[in-house]
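Peer 1: Have a look; sequence and predicted model below, questions after that.
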Amino acid sequence: MLTRRRFLTVSAAALAFAPSARSGETPIHTWTGIALGARATIRIAHPDAAAICARAAAEIDRLEDVFSLYRPDSALMRLNAAGRIDAPPAELLECLTLAGSAHRATDGFFDPTVQPLWSLWAEHAARGTRPSVGALAEARASGGWPDLRFDTAGIRLRAGMGLTLNGIGQGYIADRVAGLLEAEGLTDILIDTGEHRALGGHPGGGDWPIRLAQGGDVGLRNRALATSAPLGTVFDVAGRAGHILDPKSGEPALPVWRAVSVSAPSAALADALSTAACLGADRTTIDRWLSAFAGARCESAVLA
């Protein structure tokens, strides 16, 4: 039973809001839309909130043309189809650069080149079966992160390779929207594209309060939060084959963690690290991976 990862992120971090505004203050306006195929929200208290959110929505739509695996003409889809793309969008290069940093820091467990493995599992899920050892080995042999080549001139994949940025792209889009609004002099906004990014704090005072579904609260101010759960999306009816794949074995993450929440200055970074953390053998390993990035920390890691 294959479901969208977005359901995981929306349900894994539920907002526990303070009152929307004090008496006489501008109430919080909530925009709801779609980002990378799933629900997104922006919360802002401003007289021109609707127009501001419309500009943010246009930015999300523009970035869909870069990162979407559902728009056939997106830059990522064209790269996967042709194995190369010339003069790639700056956003794609920036996201890949950050992904490379996460790959190195997590001992290779964060690896966007798992797309052929993900496709293989999805194809078998549709038939109610699981891939054979041989099929997994063949998909893994198509290439990994070290086989990716990219610079401002172009991006090159080995034959059979493919990229998915679903473990970092949602957070990256949140960061880009935050940057757009910050450049306009705006603050005290909460962006949720599946990963939370707070620009400033709550308009009513204090931090934006986030309540984690796995227990506990996190306050966000100029900070981001991402939650991943190995079994939040599954490939099988029994609910044992989760969507976060180990690039070294090709198998779903071992059932060590029920959910891991990571906060960081960047939503893209929190996104990537929370995804990789689900493959960490223990909390010591997760903390070591996060220590490579200033300001990154594990807010919650709940054992399965």
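Peer 2: That came through, no problem. Numbers count the residues shown, from 1 in each chain.
Peer 1: rest of the way, CA atoms for contacts and neighbours
Peer 2: Will do.
Peer 1: Looks like Leu157 contacts Arg84 (just checking).
Peer 2: Yes. Using Cα atoms under 8 Å, Leu157 is in contact with Arg84, at 6.1 Å.
Peer 1: between those two, which one's more packed in?
Peer 2: Using other Cα atoms under 10 Å as the criterion, Leu157 and Arg84 rank with Leu157 on top: 23 against 18.
Peer 1: got a list of what the more buried one touches?
Peer 2: By Cα atoms under 8 Å, 6 or more residues apart in numbering, the residues touching Leu157 are 80, 83-84, 147-149.
Peer 1: What is the neighbour count of Asp73?
Peer 2: 14.
Peer 1: again, but for Leu225
Peer 2: 32.
Peer 1: nearest residue to it other than its sequence neighbours?
Peer 2: Leaving aside its chain neighbours, Leu225 sits nearest to Ser263 (4.3 Å; criterion: Cα to Cα, 6 or more residues apart in numbering).
Peer 1: Can you tell me the strand partners of the helix or strand containing that neighbour and which way each runs?
Peer 2: Per DSSP states H and E, Ser263 falls inside strand 257-264. According to DSSP bridges, strand 257-264 forms sheet pairs with strand 224-228 (antiparallel), strand 297-303 (antiparallel).
Peer 1: Show me how far the longest one is from its chain's centre.
Peer 2: It refers to strand 297-303. 17 Å (Cα atoms, centre = their mean, to the nearest Å).
Peer 1: And the first one, by the same measure?
Peer 2: Taking the mean of its C-alpha atoms, strand 224-228 sits 8 Å from the chain's own mean (Cα atoms, centre = their mean).
Peer 1: One more: stretch 173-190?
Peer 2: Relative to the centre of its chain, stretch 173-190 is centred 18 Å away, using Cα atoms, centre = their mean.
Peer 1: Touching that stretch from outside, list them.
Peer 2: 42-45, 52, 56, 59-60, 63, 191-193, 195-203, 208, 266-268.
Peer 1: Tell me the buried residues within the residues you listed.
Peer 2: 42-45, 52, 56, 60, 63, 191-193, 195-203, 208, 266-268 (16 or more other Cα atoms under 10 Å).
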